[in-house]
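> Sequence and predicted structure are below.
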Amino acid sequence: MGRDAFDVFVGDAYDKETNTFNPRKAEENAFNGKNQFNIILFGATGVGKSTLVNSFFGEDLAVAGKGKPVTQHLTKIKSTKKAVVLWDTKGIEAKDYELTIGQLKKDIKNSFEEFNHVDDVPHLGWLCIDSSSSRIEPRDFELIKLTEEYGIPTVVVFTKAYGDSEDEFIDSAIQEINKIVGVSKLNYTKVLSSDYRINSKITIPAHGMKDLLNISLELLPVGVKGAANALKKAQVVKSEIRLEAMKDSARTVVHAAAAAAGVIGASPIPGSDAPLIAAAQSAMIYKINAEFELDSETSNTTSVVTGILGVTAVAQVGKAVVSNLLKFIPGVGSVVGGAISATTAIALTEAVGHAYIKVLETYYNKESGIVELPGNVTTILSTFKEYFSLKK
């Protein structure tokens, strides 16, 4: 296997000629390497698409002027932090909708026929219909047919569902869609994307978002497990599911980092592995941060990385239990069998990774679904020491 595991894991964040680690590149690689969820959004202007998407993902994804125009009627918006690609359809109005949908069909067909990257094909579609409308528009039937034609699992989302008064329209719309389009099963839900204030005393709370998440997850094909996990991490309507998905992805990162460290630990060249193992563990922390949507702007990552590597070295040397095995710590112990050294490198990397995940879980706000790290790095490292000591 050689150093393939290390090279794949750390990538170009480490310069072997200068033995230097590039934090900026490590962070960039970490976010670009995350599993991705692609969604295509259909609906006319004013149905509440932007409010729905922004409330669901907790980020202003669907805003005017954001994204890369693919064609006149299709814009692709990518959130690297969320690992979400949103295809937003524009201009599907009642007037001249046939021309618009005709162009959309060509755009989607081209994407499916020419894609060479995961960004190029949607995993799921949401078709938004205003439930306060008096009738369903012909364009909506055509859009459903379009998603059926290209096998895009789609949820019909009845937006602006303030209460029971919209149920009559929703029921009749469902019957009409089934009759005209002839779909075998219509997947739909009704939502109020954000709290609606009637007056100073009465506010209708947002609802239906959790149902939308459940249906969306059920519809994703088995073959796109990575996309399902990405959706769980990106959404903010179920913080428990979000946290577990983040932890699951972070554990995968730890296992990959341990494999990279093990390969370097088995190196027979004395002293050559010290900076390489430090690079693998540093890259691991950046990748774990990415899974928890933490970047250098929201966390003191560089200081945390430096502090953690210092804590683990001091703690292990102080114990002097396996000092003769820690050949990856400069000046400590002697070179011994590569297999034993690799085992030690793997164990320490696993311990660091899992302890750091516990730190982020500790500061995870279950109300907001966001990791809120203390501004003081010393406090973070103190918490890390508590969990790291449990691993020894």
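Done, it's in.

> So which bits of the longest helix anywhere in the chain are buried?
Ranked by residue count and defined by DSSP state H, the top helix of the chain is helix 239-265. Residues 239, 241-243, 245-247, 249-251, 253-254, 256-265 are the ones in helix 239-265 that count as buried (16 or more other C-beta atoms under 10 Å). Where you see a C-beta, it was placed from the backbone N, CA and C, and this is true even at glycine.

> Any stretches of the stretch 51-200 of the chain with poor pLDDT?
Residue ranges of the stretch 51-200 of the chain with pLDDT under 70: 63-73, 91-97, 99, 115-120, 183-184.

> Tell me where it has strands.
68-71, 74-79, 84-89, 124-130, 154-159, 188-190, 196-197 (DSSP state E, counting those that start in this stretch).

> my guess is residue 369 contacts residue 236, does it?
Yes - assessed by C-beta atoms under 8 Å, residue 369 is found in contact with residue 236 at 4.4 Å.

> where do the contact lists of the two overlap?
Jointly contacting residue 369 and residue 236 under the rule C-beta atoms under 8 Å, 6 or more residues apart in numbering are 58, 242.

> okay if I get the strands of the stretch 51-200 of the chain as a markdown table plus distance to residue 142 and mean neighbour count?
Shown next, in a markdown table, are the strands of the stretch 51-200 of the chain (distance: least, C-beta to C-beta, whole Å; neighbours: other C-beta atoms under 10 Å):
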| stretch | distance to residue 142 | mean neighbour count |
| --- | --- | --- |
| strand 68-71 | 17 | 12 |
| strand 74-79 | 15 | 19 |
| strand 84-89 | 12 | 24 |
| strand 124-130 | 11 | 24 |
| strand 154-159 | 13 | 26 |
| strand 188-190 | 17 | 20 |
| strand 196-197 | 30 | 12 |
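
> Relative to residue 302, which of those is closest?
Ranking these by proximity to residue 302 (C-beta to C-beta) places strand 74-79 first, at 23.4 Å.

> so how far is stretch 212-231 off the chain centroid?
Centre-to-centre, stretch 212-231 and its host chain are 12 Å apart (C-alpha atoms, centre = their mean, to the nearest Å).

> what mean pLDDT does it have?
For stretch 212-231, the mean pLDDT works out to 91.

> And for it, what's in contact with it?
34-38, 56, 83-84, 123-124, 126, 153-155, 157, 187, 189, 191, 232, 235, 237-238, 241, 245, 248-249.

> From residue 236, how far out is residue 59?
Distance, residue 59 to residue 236, by C-beta to C-beta, to the nearest Å: 8 Å.

> whoops, I mixed them up, residue 243
Counting by C-beta to C-beta, the gap from residue 243 to residue 236 is 11 Å.

> shared neighbours of these two, anything?
With C-beta under 8 Å, 6+ apart as the test, residue 243 and residue 236 both reach residue 369.

> Buried residues, stretch 165-178. List them.
Those buried within stretch 165-178 under the rule 16+ other C-beta under 10 Å are 166, 169-170, 173, 177.

> Quick one: the helices in the protein, in order.
With DSSP H, the ranges of helices along the chain come out as 4-10, 23-32, 49-57, 97-114, 138-149, 167-181, 209-219, 225-234, 239-265, 274-291, 301-319, 338-362, 377-390.

> any idea of the mean pLDDT in the longest one?
Going back to what we said before, that points to helix 239-265. 94.

> In terms of pLDDT, where does the closest residue in space to residue 11 that isn't next to it in sequence sit?
Spatial nearest neighbour of residue 11, chain neighbours left out: residue 29 (5.0 Å); criterion: C-beta to C-beta, 6 or more residues apart in numbering. pLDDT, residue 29: 97.

> Which elements pack onto the longest helix of the chain?
Where contact means 3 or more C-beta pairs under 8 Å, 6 or more residues apart in numbering; DSSP states H and E, helix 239-265 is packed against helix 4-10, helix 225-234, helix 274-291, helix 338-362.

> Could you point out which of these sits nearest residue 48?
That would be helix 225-234 among the helices and strands packed on helix 239-265, by C-beta to C-beta, at 19.4 Å.
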